[in-house]
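here's a sequence, model it:
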Amino acid sequence: MPTSLAPSKQPKLPSLTGLRFIAAVLVFFFHASLIFIAMNPFSDPGTADTFRWLFSKAGWIGVSFFFVLSGFVLTWSARPGDTVTGFWRRRVLKIFPNHIATWALAMLLFGGATIPVGVWLPNLLLVHSWSPNQAVFLSLNAPAWSLCSELLFYLLFPFLLRPVQRLKERTLWFWAGAMIAGMLAVQLVTDFLAPSSPAQAGTDITIWQFWFGYNFPPVRMFEFVLGMILARLVMAKAMPRVGIIPAAVLCVVGYAAALAVPFLYGLNLMTVVPIALLICAVARADIESTPTFLRNRTWQWLGEVSFGFYLAQQIVLSFVRNTLMDKQTVSTPVGLVVLAVELAGALALGWLLMVCIERPVMRRWAFPRRKVATPVDAVPSQQPNPAPNSAP
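Numbering: from 1, shown residues only. Now for the predicted structure:
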């Protein structure tokens, strides 16, 4: 890519690229396990319910991981000489082409002609998560809701970077704790001050609580800023030396806690600290050139395709279960085959999005052919493998 930007002063972190796919596949199995929208393929009640329970928090932890990682990677990869408008341009080009392609595919496959403009237009423009109307914030290609939060992150990041960079090292832990306290405050407000509304399908909370406590973009800023602060902590070598395996075990413990606590507090609060430790542990492994399986060619490919895979998985699941199978459930062995086919289909579609849309667009338009702007601030440039904008 032609660019006059100075290179980042920080080493690359390829293992974080591979780790992205694990988060994306957790979101896939979460959606595949849902019974109330007929995504769960198993006819045996015990198998279906076990599958649903096992992955009932997987989507939440996957999306939270993406939000924290996004703040971490963008701060870590900041390059001198970048511009605010250049940064916005690259981030919009990164997410919108794939989103528009999957939006169009969802409209084509799932009766777009019958969907009112007040539903499909906010979805197309990625502002639908700002609406408390369930028919809007979970419309069409449901995983795209997380891109509304990512757009807010990108809009504010150039103005947050310098203040975060100027934080004194001795205050970084205080601010990290403040972000987690902010997440707790959101759930307390959601729990005790929420107006009444109908129950959200598949949850123990109301539609308003689910929207405000999980989908409303401003409340997810705490995870993004936490990721920015974590990058500063790693740069300053101020993070405790927690290995990848202990951090992964803590993620399992946090996941178990999320299954046990009331629904609202299991959305992201129980898992955010383990996620933070895991991201920092994997980053440190790359900094110190410690071998990890996440750096091999297969996992790098999976990480690179994870954004397209994330956006494609719900479309594939819905097409297979609703169109090809007419919502019919099957025996456990056949159900496992169905899941394997759905996973392969989502990977294939994600790969097509990457090679046919994402990469060509970024090569052609991410950077100007020649420098035309005066640097106004140090904001990150587009990396070859940036954090996925999802989700979650």
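
for the residue lying closest to residue 339 once chain neighbours are set aside, give me the pLDDT.
Closest residue to residue 339 apart from its sequence neighbours, by C-beta to C-beta, 6 or more residues apart in numbering: residue 32 at 6.0 Å. For every residue, glycine as well, the C-beta is placed using N, CA and C. If you check residue 32, the pLDDT there is 97.

count the neighbours of residue 32 for me.
26 (other C-beta atoms under 10 Å).

also the one 3 residues further on?
Under the neighbour criterion other C-beta under 10 Å, residue 35 is assigned a count of 15.

model confidence score at it, please.
For residue 35, pLDDT reads 91.

follow-up on the earlier one: quick check: the residue nearest to residue 339 vs residue 227, distance?
27 Å (C-beta to C-beta, to the nearest Å).

again, but for residue 304
In terms of C-beta to C-beta, residue 304 sits 20 Å off from residue 227.

quick one: which of those two has more around it?
Legend: neighbour count by other C-beta under 10 Å for residue 304 and residue 227, higher for residue 227 (28 against 23).

hmm, that one is touching residue 71, no?
Yes: shown here, residue 227 and residue 71 form a contact pair, counting by C-beta atoms under 8 Å, at 2.7 Å.

and for those two, which residues touch both?
When C-beta atoms under 8 Å, 6 or more residues apart in numbering defines a contact, no residue borders residue 227 and residue 71 alike.

any weak-confidence spans in the stretch 251-392 of the chain?
Scanning the stretch 251-392 of the chain with the threshold set as pLDDT under 70 gives 369-392.

I'd like the average pLDDT over the longest helix seen in the chain.
Criterion DSSP state H: the longest helix present in the chain is helix 84-109. Summarised as a single mean, pLDDT over helix 84-109 is 93.

in that helix, what's buried?
84, 86-91, 93-99, 101-103, 105-107 (16 or more other C-beta atoms under 10 Å).

go on, stretch 217-229?
217, 219, 220, 221, 222, 223, 224, 225, 226, 227, 228, 229.

so what's the backbone phi/psi at residue 330?
Dihedral angles of residue 330 (phi, psi; degrees, to the nearest 10) stand at phi -140, psi 170.

tell me how many other residues crowd it.
15.

beta partners of it?
residue 42 (DSSP bridges).

which element follows the strand or helix carrying residue 147 toward the C-terminus?
Per DSSP states H and E: residue 147 is located in helix 145-166. Next in sequence after helix 145-166, counting helices and strands by DSSP H and E, comes helix 172-193.
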